[in-house]
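K.L.:
What follows is a predicted structure for the sequence shown.
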Amino acid sequence: MFRSVAADLVEDFCGKYLDGVDPSQLNVSMWNGQVKMQNVVLKTSAFDDLGLPVTVVHGTIDLLELCIPWASIQSSPITVLVQNVNILLGPNTKEPGADEDARAALARRRRLDSDFAA
């Protein structure tokens with residue numbers, strides 16, 4: 001049960017960057033506040049929003065560890081440890097403006113999210 005909840009949380013917060021978060025990949029110690037994933041694959045679209053002239057061809061993270069201080073969640077930071085990131089980049093062959101509708105929709109969503117959070 002904890003694994004599926006943790007997988008949902010990881011997907012919600014990191015799903016934009018990680019490909020296929022699987023509960024079986026997680027090592028969860030909820031009472032200690034630790035969630036570990038090994039051999040995580042980056043999405044090829046992970047850096048698309050940055051407008052870089054490169055794109056991810058393939059990427060992996062050997063270890064992704066989250067430390068969540070449940071007892072003091074409002075006053076203590078959540079720690080994220082990332083070890084051994086391997087990224088193969090290639091040229092971004094998308095034409096400028098090809099994804100304008102998707103970018104405009106993303107910008108509207110971000111504005112709505114920030115308005116809702118405020």
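P.N.:
Everything's here; your move.
K.L.:
check contacts around the residue nearest the centre of the chain.
P.N.:
In the chain, the centroid-proximal residue (Cα atoms, centre = their mean) is C14; its distance is 2.1 Å. Neighbouring residues of C14 by Cβ atoms under 8 Å, 6 or more residues apart in numbering: V21, L64. To be clear about C-beta, it is placed using only N, CA and C from the backbone, and glycine gets the same treatment.
K.L.:
Per-residue pLDDT of it, please?
P.N.:
Per-residue pLDDT puts C14 at 78.
K.L.:
Could you do the one 3 residues further on as well?
P.N.:
What the model reports for Y17 is a pLDDT of 86.
K.L.:
now swap in A118 and tell me
P.N.:
In this prediction A118 is given a pLDDT of 59.
K.L.:
Same question for I78.
P.N.:
pLDDT, read off for I78, is 84.
K.L.:
Surely it and L66 touch.
P.N.:
Yes: in this structure I78 lies within contact range of L66 using Cβ atoms under 8 Å: 6.5 Å.
K.L.:
neighbour-wise, which of those two wins?
P.N.:
Per other Cβ atoms under 10 Å, whichever of I78 and L66 has more neighbours is L66, with 20 against 11.
K.L.:
mind listing what that one touches?
P.N.:
Taking Cβ under 8 Å, 6+ apart as the criterion, L66 is in contact with V10, Q34, V35, K36, I78, T79, V80, L81.
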